[in-house]
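**Student:** Just the structure for this:
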Amino acid sequence: MQTAATRQRAEQLAATLPPLLVSAERVAATVAQGVHGRCRVGVGETFWQFRQYQPGDPAIKIDWRQSAKSERIFVREHEWEAAQSIWLWRDDSPSMHYASGGAPCEKSERATVLLLATTALLLRAGEFVALLGVDRTPSTGRGTLNRFAAALDQEATNDNQRNSIPPSERLPRYAQLVLVGDFLSPIEELEETLKLYASRGVKGHLLQVADPAEEDLPFTGRTRFHGLEGEEAYTVSRVENLRSDYDARFFAHQTALVDLTRSIGWTFSSHRTDRPPQTALLALYQALSGELG
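**Tutor:** You can find the predicted model right below:
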């Protein structure tokens, strides 16, 4: 099954780097360290909150008294635990299913491996993680990686989930968001969503995955291009004559992505599928660790 193979590659990739230690701002965690006395459900970092149990949650966190009041199982956590969360999203739009002759895999496959490898590192460090657009609450534990892999596999068969722009959801303040995709859509379409998250106190990182042919335009002679997302086919008699202008436009688009993320306090990195995935994972590791200048 493709899910198991992809998960295995992700775990192998994660094993090549030390456990990820997220050093983002820990306002809620600092408050939680000073908690004393009886906790109760309420508003603020010093109160307990209950949420429905998810596969992968440690059994020790189950609150049996609260669960006995209904037919569902609930776990108990401080509100600061929800804030200390990393939400991940992978673009699975049609353009991600492209691989040129010089690429070892489709962009979608590489994005999936990188997302799962990042998840494996976060779980190893004890972080709370969630899939944007799939989960309602973050979780941790050994079963989480398996659940992520299955959810991504199912998402790939659902046309309603194959959007090139991440969904806009209300995340806990101080949560972090990791977005992996090709981000070839117009900047304006992405800008609205990212600025909305930033306005709510969410920090984020964009990891752009590109095919080598998308960066280099290596074709020569008469070439016919077929769009993957409904665009009309386009024929060029001597495509090499367009390479200079194409390079300039691709670079300008990538620069706009960098400027956008920088303007809202987020980080950006790029990766080509013909290069080792460890390079991209290390860049993401540094960004989440707050080590990038």
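**Student:** for stretch 116-136, how far is the first residue from the last?
**Tutor:** Start and end residues of stretch 116-136 are separated by 18 Å (C-alpha to C-alpha, to the nearest Å).
**Student:** Could you do stretch 167-178 as well?
**Tutor:** 13 Å.
**Student:** Which positions within it qualify as buried?
**Tutor:** Judged by neighbour count using 16 or more other C-beta atoms under 10 Å, the buried positions of stretch 167-178 are 169, 171-172, 174-178. Where you see a C-beta, it was placed from the backbone N, CA and C, and this is true even at glycine.
**Student:** As TSV, those with secondary structure and distance to residue 267 would be great.
**Tutor:** Converted to TSV, the buried residues of stretch 167-178 look like this (DSSP: H, G, I helix; E, B strand; the rest coil; distance: C-beta to C-beta, whole Å):
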residue	secondary structure	distance to residue 267
169	coil	20
171	coil	17
172	coil	20
174	coil	16
175	coil	15
176	strand	10
177	strand	11
178	strand	10
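**Student:** now those as CSV including distance to residue 286 and pLDDT?
**Tutor:** Formatted as CSV, the buried residues of stretch 167-178 follow (distance: C-beta to C-beta, whole Å; pLDDT from 0 to 100):
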residue, distance to residue 286, pLDDT
169, 26, 91
171, 23, 88
172, 24, 81
174, 20, 79
175, 19, 89
176, 14, 92
177, 17, 96
178, 13, 96
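**Student:** May I see those residues organised as CSV, with distance to residue 92 added?
**Tutor:** Converted to CSV, those look like this (distance: C-beta to C-beta, whole Å):
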residue, distance to residue 92
169, 17
171, 20
172, 25
174, 28
175, 22
176, 21
177, 17
178, 15
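**Student:** ok, of these, which one's closest to residue 216?
**Tutor:** residue 178 (26.7 Å; C-beta to C-beta).
**Student:** any idea how far the closest one lies from residue 107?
**Tutor:** 16 Å (C-beta to C-beta, to the nearest Å).
**Student:** And residue 232, by the same measure?
**Tutor:** 22 Å.
**Student:** Show me which of these two is the more surrounded one.
**Tutor:** The neighbour count for residue 232 versus residue 107, taken as other C-beta atoms under 10 Å, is higher for residue 107 (27 against 7).
**Student:** Residue ranges in the stretch 51-200 of the chain under the pLDDT threshold?
**Tutor:** For the stretch 51-200 of the chain, residues meeting the criterion pLDDT under 70 lie at 51, 54-58, 60-61, 63, 66, 75-84, 156-162.
**Student:** The stretch 1-150 of the chain: strands as residue ranges?
**Tutor:** For the stretch 1-150 of the chain, the strands defined by DSSP state E, counting those that start in this stretch occupy 48-52, 74-78, 85-90, 128-131.
**Student:** ok, and what's touching the last one?
**Tutor:** Contact with strand 128-131 is made by 81-82, 84-89, 119, 122-123, 136-140, 144, 148, 151-152, as judged by C-beta atoms under 8 Å, 6 or more residues apart in numbering.
**Student:** Go ahead and build a ChimeraX selection from the buried members of those.
**Tutor:** Buried subset of the contacts of strand 128-131, written as a ChimeraX selection, criterion 16+ other C-beta under 10 Å:
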select :81,82,84,85,86,87,88,89,119,122,123,137,138,139,140,144,148,151,152
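**Student:** and residue 164, helix, strand or coil?
**Tutor:** On the three-state scheme (DSSP: H, G, I helix; E, B strand; the rest coil), residue 164 is labelled coil.
**Student:** For it, which non-adjacent residue is closest in space?
**Tutor:** residue 93 (3.9 Å; C-beta to C-beta, 6 or more residues apart in numbering).
**Student:** Could I get the contacting residues of residue 196?
**Tutor:** Taking C-beta under 8 Å, 6+ apart, one finds residue 168 in contact with residue 196.
**Student:** and it, helix, strand or coil?
**Tutor:** On the three-state scheme (three-state DSSP), residue 196 is labelled helix.
**Student:** do you know how far it is from residue 168?
**Tutor:** Going from residue 196 to residue 168 by C-beta to C-beta gives 6 Å.
**Student:** Surely residue 267 is in contact with residue 194?
**Tutor:** No. The pair residue 267 / residue 194 is not scored as a contact, 11.9 Å apart, by C-beta atoms under 8 Å.
**Student:** Which residues are in contact with each of the two?
**Tutor:** Residues within reach of residue 267 and of residue 194 at once, by C-beta under 8 Å, 6+ apart, are 204, 261.
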